[in-house]
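**Student:** prediction below, plus the sequence it came from.
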Amino acid sequence: MNNLNTTEDQHHQFLEQNPDFEMRSLDAVCFNESELKHPWWYNFKYALVGLLFGVVFVKAEIVSWYRIQEMFKLQSFHMYGVIGSAVTVGLISVFLIKKFNIKTIYGEPIEFVKKQFSISQIYGGLLFGLGWALTGACPGPLYALVGSGAVVVLVVLLSAIAGTWVYGKIRERLPH
Amino acid sequence: MIEFLQKPWPWYVAGPMIGLIVPILLLIGNKTFGISSSMRHICAACIPANVPFFKYDWKKEVWNLFFVGGIVLGSFFAASFLPNPEPIQIHPRLVEELAGYGVNDINGLVPEQLFNWQALFTLKGFLLMIVGGFMVGFGTRYAGGCTSGHSIMGLSNLQGPSLVATIAFMVGGFLMTNLILPFILKL
């Protein structure tokens, strides 16, 4: 804790001292990176963002099994347009946040954690891709399909949670 | 206005809205966009079973569970109050191909003839729902993220590993849809 001039330095040190840091950079993509402690009901703002996301998922038919098949058969531009324009907007936003050092609404600096290359991105990625085309859904749409009334997809979601659990169980024996 | 909202939304409306979730989550609480992690948090909360991978303070990540809870509510809202009045548009070649496998009811978001409770007890349904779901959960965690965490958040932040993962997702998807799925649908 010596000579920390800026809040950026302090926040960087917090991230490095966080016991989850290594695990986060290797694995879970969305780990909490805020140092602030808020009452639990502050989390409702994330539910609100999720709500908007759920509406877009259904209305743009991103959760449609048919749209996913069309994507992998190159029969429709729709999904490529969705993902491509989402990445473009995301890229510009992240660029602006970095360039102008934009802080959160609580004044915290935003730092991005670098990901490490690993063979697991290829093995896991292929496995997920196969499952994506089978079920016609990635994890977000699984939740959205259940909400939209396709209740049987709850079984797919539970199976995905089981898959996550089995991965955690045998993680040490897999190549990473 | 309602009519406009009820029609299927074009990609150039939906894509940018999804992209905006990246800065919104960062600005309102320093959160990085990702969905598959929620399944890890559910494991950590419900069945940690002394597995080191699930022994962490999941309560710190509870925002992610609120986020996916919001997705469930939002999709319920959209399906209940903004239903598409027109039949779903599907590429004629796909319609024809599915008809060849006996799938001719193509309404809704998933083909009900393939995804239903009775089908769970057939080999085809078991592969589509149970095995498919398992691969989604196992694969995303092995890869360290899904379409949102890698393909949208990771690529937005110019992460090479996310590009590798995204290419692997697409390769897996192309293989399944074009080479393996036809055999499963024939079952």
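**Tutor:** Nice, thanks for sending it over.
**Student:** host element of B:Pro8?
**Tutor:** Counting by DSSP states H and E, no helix or strand carries B:Pro8.
**Student:** A:Gly124 now?
**Tutor:** If you go by DSSP H and E, A:Gly124 is part of helix A:120-135.
**Student:** that helix and chain B in contact?
**Tutor:** Yes. If you take CB under 8 Å from any CB of the partner chain as the test, helix A:120-135 does meet chain B, through A:120-135. Heads up, the C-betas are built off the backbone N, CA and C, glycines and all.
**Student:** can you name every helix or strand that that helix contacts?
**Tutor:** helix A:65-72, helix B:132-143, helix B:160-175, helix B:181-186 (3 or more CB pairs under 8 Å, 6 or more residues apart in numbering or on different chains; DSSP states H and E).
**Student:** buried set for the lengthiest helix in chain A?
**Tutor:** The longest helix of chain A (DSSP state H) is helix A:78-99. Going by neighbour count (16 or more other CB atoms under 10 Å in any protein chain shown), the buried part of helix A:78-99 is A:78-79, A:81-87, A:89-91, A:93-94, A:97.
**Student:** nearest to B:Gly149 among those residues?
**Tutor:** Nearest to B:Gly149 among these: A:Gly90, at 11.8 Å, using CB to CB.
**Student:** quick one, what contacts that closest one?
**Tutor:** Contacts for A:Gly90 (CB atoms under 8 Å, 6 or more residues apart in numbering or on different chains) come out as B:Gly19, B:Val22, B:Pro23, B:Phe33, B:Ile152, B:Met153, B:Leu155, B:Ser156.
**Student:** grab the nearest non-local neighbour of it.
**Tutor:** Distances taken as CB to CB, 6 or more residues apart in numbering or on different chains place B:Ser156 nearest to A:Gly90, at 3.0 Å, with adjacent residues excluded.
**Student:** out of the helices and strands packed on helix A:120-135, the one nearest B:Leu120 is which?
**Tutor:** Across those, closest to B:Leu120 is helix B:132-143 (CB to CB), at 11.1 Å.
**Student:** okay, buried residues for that closest one please.
**Tutor:** Residues B:Gly132, B:Gly133, B:Phe134, B:Met135, B:Val136, B:Gly137, B:Phe138, B:Gly139, B:Thr140, B:Arg141, B:Tyr142, B:Ala143 are the ones in helix B:132-143 that count as buried (16+ other CB under 10 Å).
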